[in-house]
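> let's see this in three dimensions:
(4 chains)
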2 protein chains.
Amino acid sequence: MLTKSSTELVRQRNSVLVLSVLRRHGALAHTEISDSTGLSSATISAITTELEKAQIIEKSEQQPASGRGRPRVLLRQRRDCGYLIVVIISSDAVQYSLVDYGGKLIDRFSEERSHDPAGAVRFVAAVRAGLLRILDRSKISQEKVLLISISSKGLVNSTEPVLVWSPIFGSDQIDFESALRPEWQAKVILDNETLLVAAALGAREEMVKGADFRSLAALSLGHSVGLGIVRRGNQTGQEISAPNFGHMLHMANGGLCRCGTRGCIEAYAGFYAILRSAFEVPLDTIPAKFVPVAELDKIAAKARQGHRVPAFAFRQAGLALGNGLSRMLSLTERMPIAITGPGTRYYDLLRQGIEEGLGQSHIVRMEGMPEIRVVADEQILVFEGHLNRALSVIDEDIVLSGVQGIQASG
Amino acid sequence: MLTKSSTELVRQRNSVLVLSVLRRHGALAHTEISDSTGLSSATISAITTELEKAQIIEKSEQQPASGRGRPRVLLRQRRDCGYLIVVIISSDAVQYSLVDYGGKLIDRFSEERSHDPAGAVRFVAAVRAGLLRILDRSKISQEKVLLISISSKGLVNSTEPVLVWSPIFGSDQIDFESALRPEWQAKVILDNETLLVAAALGAREEMVKGADFRSLAALSLGHSVGLGIVRRGNQTGQEISAPNFGHMLHMANGGLCRCGTRGCIEAYAGFYAILRSAFEVPLDTIPAKFVPVAELDKIAAKARQGHRVPAFAFRQAGLALGNGLSRMLSLTERMPIAITGPGTRYYDLLRQGIEEGLGQSHIVRMEGMPEIRVVADEQILVFEGHLNRALSVIDEDIVLSGVQGIQASG
DNA sequence: GATTTTTTTCTCGACAGTCGAGAAATTTAG
DNA sequence: CTAAATTTCTCGACTGTCGAGAAAAAAATC
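Reported below is the predicted structural model:
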């Protein structure tokens, strides 16, 4: 359904555009903003004075003039205009980061996760405590926190910040919105971890290729298997999604997965699955909860020495991944695949299986093998994805509420 | 990447909005347009007088006033403002339809397809002849044909009207754009057939549910297997895609498919595959090109009488479809599935397999079985999809070129 | 030191678009 | 024939963008 457009909408969009350019490039002068947005200088004046009045951006201090002519007046976002808390939930810890509106890290700490299994309720309490702690350490007033951006592995509701299924809590849903609402008026968003990796890689790619960038998939290998897809939307920036890839069906009635279903991709390609298959444990054995990476390193070493069984375990994992990726490609357009996560260290052992698994499908035989690249530093990408996403959400919110609020009150 | 907005863009969008409302509801009065677009009466006046000047819409004849008060002046699109040719390519025939801008069918005929295998070049020539023939029969001048909308089974390039792979021509690509350009200046679009079915069902659904409609998948069963997905976009209407579902990998190293790959879904669920498995022919046999439906009806009758082998053939087909659908659902959100095509007549035999195949995946066990409905009249839906899609493309083109062109020349 | 050049920012008038209110048009009821 | 009802049309107000040129301010030049 199409909806009506109006002149105010135009101003809103262009304001967001200015903010996003300011974010990407840092402090910019009038002229530069005009150049990179395509808007005329007069419009920039109008928008920036409005944003300045609303205390969202500020003129930077006069700096030593670098050329001749009237010196530039740089505009930048006011870093203290608002703050963002990033919460990264991983299998063994929860990391809290406080970030200002300029994207600068102010404070960070991690807390170990208690591994007690029936801990969904207790976990929520821990997160609430962690949030209060990082706020307390920084002496920032709670109203200044505009957004809490949370990420986890697992399946996330697409519209509300509800963790629908996760490797740790299973089907014990966690609704972060209602859990945090009593204490916080900040907006709460929740994203799948690998989705953020894909978003970050997509943003980087777009920086380089510009309009040529089409789409990209990020595959995260570790205890569990995650996938994120970024596609360039028609007009409205990027479109991202995080399918339930790790628990896509690989083979009917196959190996038992942590989730209780048989035949998931993860039941062949997750760390525990590789371990299980390397030790020739029956595939219907209930999988180990945690696998020390050192353990897997040993198996990899044996496989690299030429031992058949461990090499076969990695190959089977690769096949499951390759088949799964080929199925993904059958449902989407052709796109490059970036592999991240701790599992990348075994890529030499997985590669042949992945390629063979991909090659078994019609789409790959027809269109050829997709480009596969290995990308390290998953943690950095996750954080980068948080920032990209969260700050642009803040931009929109500020323009929607902030400017109008100021105007109404002034 | 965000792009700048301007006031002219606002007018363009709102003009398209008015046209699309006019299309959906037929002739409408000033007030009604205002109500259903949300635009003010003054704006409607401005837009409609512009469109009327550009000869895109017209005031309808005064009609007997139904209530008191000033009688309404109905506005409607000028049917002769432009024409559309719909070309539906199916396995045994090509159907040509001439439609006016109001969506009314003016002329239609079918031509049998020559089944000669090396016929990609000859086929293109036949289509060109067919197009000229329908034009000739109607005495409409060629410039009045604004759009040629073509559909086929198979895989279609997402940006250009190129048939990348089809059941009939295999990898012999057909570029309709360059094939028709010399003779036609009309725009040419090409869509997968099942995509159009999905688009039509999505439009119907949106009529009923309004903003509640989220997404829907259409599964077409026949000689080949097709899938179309419709999703409600953020703002810009609907988003549709036609994955290569029939040739998604069902089982590595499985049965031989028509496409030459092993293990495609179609190699289990296509008509020829059911036949092959019912006659217990080895799965690596090169599949039959065409299967008379009567033949399959016989097998279905035996299966319904309780014969094991034919029943098993349908069950296997259902399993392949169910597994494939579950994989699709792992990559998308939960959505209802509409089954169409000649294969629906065997749905009683397929159903159990489909449900079992779906149930083997984590996502279905967690979210529950998706709603499955059987929808007959695939042919009508295909044509309806053509109209929906083509006429809204024409709306946009007209507003983009037509109005501006008229304004410049006037 | 005064003047010119260069560069950037700011301002003004023109133009496009939407909206609300009320005038104009036109038919039916009484 | 008049009043009421209903629809369409028009006008002024408001918001937004744009191009051009004025104003500002520093470096270069004489």
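
> what about stretch A:361-368, near chain B?
Yes: applying CB under 8 Å from any CB of the partner chain, one finds stretch A:361-368 touching chain B at A:S361, A:H362, A:I363, A:R365, A:M366. Every C-beta, even on glycine, is put in place using the N, C-alpha and C of the backbone.

> export the helix or strand containing the last one to CSV, keeping only CA atoms.
Taking DSSP states H and E as the definition, A:M366 sits inside helix A:362-367. What follows is helix A:362-367 as a C-alpha-only set of coordinates in CSV (Å, rounded to 0.1, in the frame of the first residue of the first chain):
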residue,chain,number,x,y,z
HIS,A,362,21.6,-26.7,-9.9
ILE,A,363,22.0,-23.0,-9.1
VAL,A,364,25.7,-23.2,-8.4
ARG,A,365,26.4,-25.4,-11.4
MET,A,366,24.6,-22.8,-13.5
GLU,A,367,25.8,-19.5,-12.0
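
> picking that back up, which one of the residues of stretch A:361-368 next to chain B is nearest A:A199?
A:I363 (24.8 Å; CB to CB).

> that closest one - how many residues pack around it?
Residues lying near A:I363 (other CB atoms under 10 Å in any protein chain shown) number 27.

> do A:G26 as well
A:G26 has 11 neighbours, counted by other CB under 10 Å.

> tell me who's in contact with it.
Counting by CB atoms under 8 Å, 6 or more residues apart in numbering or on different chains, A:G26 touches A:R76.

> please tell me how far it sits from A:G154.
According to CB to CB, to the nearest Å, A:G26 stands 35 Å off from A:G154.

> what do you get for A:E193?
8 Å.

> what about the two, which has more around it?
Counted by other CB under 10 Å, A:E193 and A:G154 do not tie: A:E193 has more neighbours, with 29 against 24.

> please name the nearest non-neighbouring residue to the more buried one.
In space, and not counting its chain neighbours, A:E193 is closest to A:S151: 4.8 Å by CB to CB, 6 or more residues apart in numbering or on different chains.

> so the one you found sits right up against A:V94, yeah?
No: using CB atoms under 8 Å, A:S151 makes no contact with A:V94, being 10.5 Å away.

> tell me, what's touching those two both at once?
Both A:S151 and A:V94 are contacted by A:V87, A:I88, under the criterion CB under 8 Å, 6+ apart.

> the two: which has the busier surroundings?
Set A:S151 next to A:V94 and count neighbours by other CB under 10 Å: A:S151 wins out with 26 against 19.

> bridged to that one, which residues?
A:I88, A:D191 (DSSP bridges).

> please identify the helix or strand for A:V99.
Here A:V99 sits within strand A:93-100, counting by DSSP H and E.

> now do the buried residues in the longest helix along chain A.
Counting residues, the longest helix in chain A under DSSP state H turns out to be helix A:308-331. By neighbour count with 16 or more other CB atoms under 10 Å in any protein chain shown, helix A:308-331 contains the buried residues A:310-311, A:313-331.

> buried residues, the helix or strand following it. List them.
Per DSSP H and E, the first helix or strand lying C-terminal to helix A:308-331 is strand A:337-340. Buried positions in strand A:337-340, judged by neighbour count with 16+ other CB under 10 Å: A:I337, A:A338, A:I339, A:T340.

> nearest spatial neighbour of A:G324, chain-adjacent residues omitted?
Counting by CB to CB, 6+ apart, the residue nearest A:G324 is A:I265, at 4.7 Å.

> I'd like the distance between the residue at minimal distance from the centre of chain A and A:E378.
With distances taken as CA atoms, centre = their mean, the residue of chain A nearest its centroid is A:L196 (0.9 Å). Distance from A:L196 to A:E378, counting by CB to CB: 10 Å.
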